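# Structure for this input, please:
(one chain, ligands or ions: 1)
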Amino acid sequence: MNLLGIVALSILAVGDANGDWEAGLKAEDLAIRRWRKGMRNSCVRLNEGAKCIKIGKPCPPGTEGCCDKFSCWKRNTRCCCLKPETTANPTTVPTTAEPTLEPTTVLRSDCHVVYDFEDQDLSTWNLTGDAFNNQPTYGDNPHAREEGRHSNHQGDYWIGTFENRPGPNYPAGGMQGEGPQGTMTSPSFLLYAKYLKFLIGGGCVEVYTPVHAQLLIDGRVVLEETPKSCVDKMTEKTWNIATYLGKNAQFRLIDKSSAFWGHINFDNLRQCQRMLIG
Ligand SMILES: *[C@@H]1O[C@H](CO)[C@@H](O)[C@H](O)[C@H]1NC(C)=O
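This is a model prediction of the structure:
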């Protein structure tokens, strides 16, 4: 899945009869900027009667936790929406209950995938050169070539510029080798979390190989990782991106090497630990 809809930036404005108002920018469920006069801690989307309450406290009578994209601006709060009018029409009652999500709890927890390549779609990326032509690659291809070797990828698909196995119907162990070089740059996405995590491998410290993973803001490299493990096995790298919260960024992979170990392995780019501003 790409981006999880996080590029959907929306402008919200809520006013009331007292002339108080609240306006803000939201990306998905995240409030990234907020301005308000008078209004206190209201649920973001206009939902008459909705209330923000502390996480952990029960919803007031007549309300229930909203399992939609309602969220409060304030930290550690969640929205309680007015209960829908109960109609006596049994045909509208769903037979299986939808799983109930507590949006603000979910948002704060864990990691959201930015790119894990499982959709095999690089069409929105800017590819240069030919290193990324046969990507993403399928399965533990290094293992297919050599016992004891592993890619440690997540899911089925990952990026490996030595590999040439774009799917299960291609020969296992297929490779394009170290020759091809190129770059692969993502569309811009909003940084909303404290950490950016990813799996990275390839490169080699003994023979410096110019392969890099980069984070770009306004086209400038602000963070860079140069894998130099001399193994295909990817390991997790964590960047603290709190400084860049609310900014749009791009991710870039670079393979500018045809030398021994001159390839990059990459997978599972995630944003972890959502943060709110304002
Ligand atoms: C694609 O990426 C290359 C290398 O980073 C860059 O020079 C080029 O301007 C980019 N093209 C577009 C359309 O963004």
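# Which helix or strand in the chain has the lowest average pLDDT?
Least confident helix or strand, the chain: helix 103-108 with a mean of 41, by mean pLDDT, DSSP states H and E.
# Skipping adjacent residues, who's closest to the single nearest residue of the stretch 1-150 of the chain relative to the ligand in space?
Proximity of the stretch 1-150 of the chain to the ligand (C-beta to the nearest ligand atom) peaks at N126, 3.6 Å away. No exception for glycine: its C-beta is placed from N, CA and C like everyone else's. Once flanking residues are discounted, N126 sits nearest to T185: 4.3 Å by C-beta to C-beta, 6 or more residues apart in numbering.
# Just the pLDDT at that neighbour, thanks.
Here the pLDDT value assigned to T185 is 98.
# quick one, what contacts it?
Applying C-beta atoms under 8 Å, 6 or more residues apart in numbering, we find T185 in contact with 125-126, 216, 250-252.
# Now do the residue nearest to T183 when sequence neighbours are not counted against P180, distance only.
Leaving aside its chain neighbours, T183 sits nearest to T128 (4.7 Å; criterion: C-beta to C-beta, 6+ apart). The gap separating T128 from P180 is 11 Å, by C-beta to C-beta, to the nearest Å.
# The two: which is more packed in?
P180 (19 against 12; other C-beta atoms under 10 Å).
# is it true that the more buried one touches G160?
No: using C-beta atoms under 8 Å as the test, P180 is too far from G160 to be in contact (11.6 Å).
# For G262, which non-adjacent residue is closest in space?
That would be T209: by C-beta to C-beta, 6+ apart, it lies 4.3 Å from G262.
# follow-up on the earlier one: in ChimeraX, how would I select just the buried ones from the contacts of T185?
To isolate the buried members of those in ChimeraX, using 16 or more other C-beta atoms under 10 Å:
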select :125,216,250,251,252
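# circling back: check which helices and strands the next helix-or-strand element following the least confident helix or strand of the chain sits against.
Next helix or strand after helix 103-108 toward the C-terminus (DSSP states H and E): strand 111-115. Identification of packing neighbours for strand 111-115 by 3 or more C-beta pairs under 8 Å, 6 or more residues apart in numbering; DSSP states H and E yields strand 193-202, strand 264-274.
# how much does strand 111-115 deviate in direction from strand 264-274?
140 degrees (axes from the mean of the first three to the mean of the last three C-alpha atoms, to 10 degrees).
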